[in-house]
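*Asks:* got a predicted structure here, sequence first:
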Amino acid sequence: TTQKNLYLVHLDQKNLDSKENFEKLADEIWYKQNLSDGSDVNNIVLMKNSIFVTWGGFSLLLTSLYGMALSLEYRYKYKWDFWINISPSDMPLFPQNELLELLNDSKNSKLSYISGQRYNWFNSERHFDRREAFFEDFNVYNAEYEPSKKKFLEPLGFSDKNLLLKRRVPTAFEIFKSEFWVILHWEMVEYITLSTDNVARLLTSYLSMSMIPDEFFFGTLACHPNRKRSLPISSKAVRFVNWKSGLEGHPKILGLNDIKEALDEGFLFARKFPGNEGSNETENAADFLIENMRNFGLENERLKRAKE
């Protein structure tokens with residue numbers, strides 16, 4: 001961690017038994033920072049009112065929207081410039097000072113990074129058009145987590161898709177598929193949170209009953225015809241994800257060769273790492289990355305590629 005950042009952490013309500021361990025870890029990190037730079041500001045904040053997060057449900061997107069709103073409350077104190085959502089499966093590919101160097105020009109231009117594309121929507125025997133289907137994330141408003149309710153949030157490939165309740169495809173805007181993992185200028189975060197033109201609010205309302213809405217929200221917002229155009233958006237992918245070699249619907253768990261490829265191509269972050277279930281290959285990749293960070297300088301070739 002670094003005092004130049006605000007670390008806003010959401011602990012899934014299913015894992016609240018880990019809260020005490022997290023708070024101890026956060027205190028240890030803050031204590032080490034205090035010893036190294038003399039700062040007495042604890043910049044690791046645990047979000048209150050945590051949410052039950054269900055894979056494929058609205059709860060994941062809701063967690064990020066809540067995090068954006070909370071981040072704005074802290075901006076007067078921490079003066080952060082970019083909002084970056086990461087999970088335990090993510091890892092930065094550059095040291096903190098170099099990430100700040102890379103994002104400096106984007107700060108002045110108010111540039112955000114949202115990668116995505118038009119999607120070839122289909123409704124075949126194995127798949128259904130996710131724009132038409134209703135999916136309810138019960139755990140958003142239930143007092144207790146109910147794993148049995150996951151039946152509405154299963155992966156694609158329903159055996160009887162004709163029984164699904166359908167709705168009309170939106171005509172006021174086009175649904176784009178995009179990466180959930182973004183880098184947003186603080187003014188874009190403010191725009192999404194306040195939604196003074198109602199664009200983000202109406203999009204959120206539509207996606208609240210969708211399956212895997214986190215794959216739609218940022219890309220659709222970026223391409224919305226009524227979006228505030230004074231806030232520029234780059235479609236450049238800044239997070240390395242390998243979808244080709246993983247299981248269906250899930251990215252590949254990265255190894256050493258993937259990390260080298262990501263560095264050579266100038267990505268700022270990479271995912272997916274398996275967390276506590278890391279293989280030897282993944283651990284080797286992490287060790288290589290840490291050693292690489294120690295040896296980087298602001299004029300190295302990989303940094304130049306990332307700036308392009």
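*Replies:* Structure's in. What do you need?
*Asks:* the residue positioned nearest the centre of the chain and residue 136, how far apart?
*Replies:* For the chain, the residue sitting closest to the mean C-alpha position, by Cα atoms, centre = their mean, is residue 181 at 3.2 Å. Going from residue 181 to residue 136 by Cβ to Cβ, to the nearest Å gives 25 Å. Every C-beta, even on glycine, is put in place using the N, C-alpha and C of the backbone.
*Asks:* could you do residue 89 as well?
*Replies:* Residue 89 sits 26 Å away from residue 136, taking Cβ to Cβ as the criterion.
*Asks:* likewise for residue 201?
*Replies:* Look at residue 201 and residue 136: by Cβ to Cβ, they are 20 Å apart.
*Asks:* okay, these two: which has more neighbours?
*Replies:* Per other Cβ atoms under 10 Å, whichever of residue 201 and residue 136 has more neighbours is residue 136, with 16 against 13.
*Asks:* could you pull up phi and psi at that one?
*Replies:* Here is the backbone geometry of residue 136 (degrees, to the nearest 10): phi -110, psi 120.
*Asks:* distance of residue 169 relative to residue 240?
*Replies:* In terms of Cβ to Cβ, residue 169 sits 32 Å off from residue 240.
*Asks:* mean confidence for stretch 57-64?
*Replies:* Across stretch 57-64, pLDDT averages out at 91.
*Asks:* pull out the buried residues from that stretch.
*Replies:* 57-64 (16 or more other Cβ atoms under 10 Å).
*Asks:* okay, helices next: where are they in this protein?
*Replies:* Secondary structure of the chain (DSSP state H): helices at 19-37, 58-78, 96-109, 186-194, 199-207, 217-222, 256-264, 280-295, 301-307.
*Asks:* let me see the ranges of the strands in the stretch 101-250 of the chain.
*Replies:* With DSSP state E, counting those that start in this stretch, the ranges of strands along the stretch 101-250 of the chain come out as 112-113, 116-117, 177-178, 183-185, 233-234, 239-240.
*Asks:* give the other helices and strands that the third one contacts.
*Replies:* Spelled out, that is strand 177-178. Strand 177-178 sits against strand 116-117, helix 217-222, with contacts defined as 3 or more Cβ pairs under 8 Å, 6 or more residues apart in numbering; DSSP states H and E.
*Asks:* sheet partners, orientation included, of it?
*Replies:* Under the criterion DSSP bridges, strand 177-178 sits next to strand 116-117 (antiparallel) in its sheet.
*Asks:* with the last one instead?
*Replies:* As defined by DSSP bridges, the strand partners of strand 239-240 come to strand 269-271 (parallel).
*Asks:* I'd like the average pLDDT over the partner strand.
*Replies:* Rounded mean pLDDT across strand 269-271 is 89.
*Asks:* residues in contact with that strand: which ones?
*Replies:* With contacts defined as Cβ atoms under 8 Å, 6 or more residues apart in numbering, strand 269-271 is touched by 84, 86-87, 89-93, 181, 238-241, 251, 254, 258-259, 262.
*Asks:* how does it look with 6 Å?
*Replies:* 89-93, 239-241, 254, 262 (Cβ atoms under 6 Å, 6 or more residues apart in numbering).
*Asks:* equivalent analysis for stretch 179-190, please.
*Replies:* By Cβ under 6 Å, 6+ apart, stretch 179-190 touches 68, 81-84, 110, 112-115, 214, 218, 231, 238-239.
*Asks:* would you mind listing where the stretch 201-308 of the chain has pLDDT under the threshold?
*Replies:* 245-249, 275-282, 293-308 (pLDDT under 70).
*Asks:* go with 90
*Replies:* 209-212, 236-238, 241-267, 270-308 (pLDDT under 90).
*Asks:* so which of the helices of the chain is the most surrounded?
*Replies:* Stretch with highest mean neighbour count among the helices of the chain: helix 217-222 (a mean of 25; mean count of other Cβ atoms under 10 Å).
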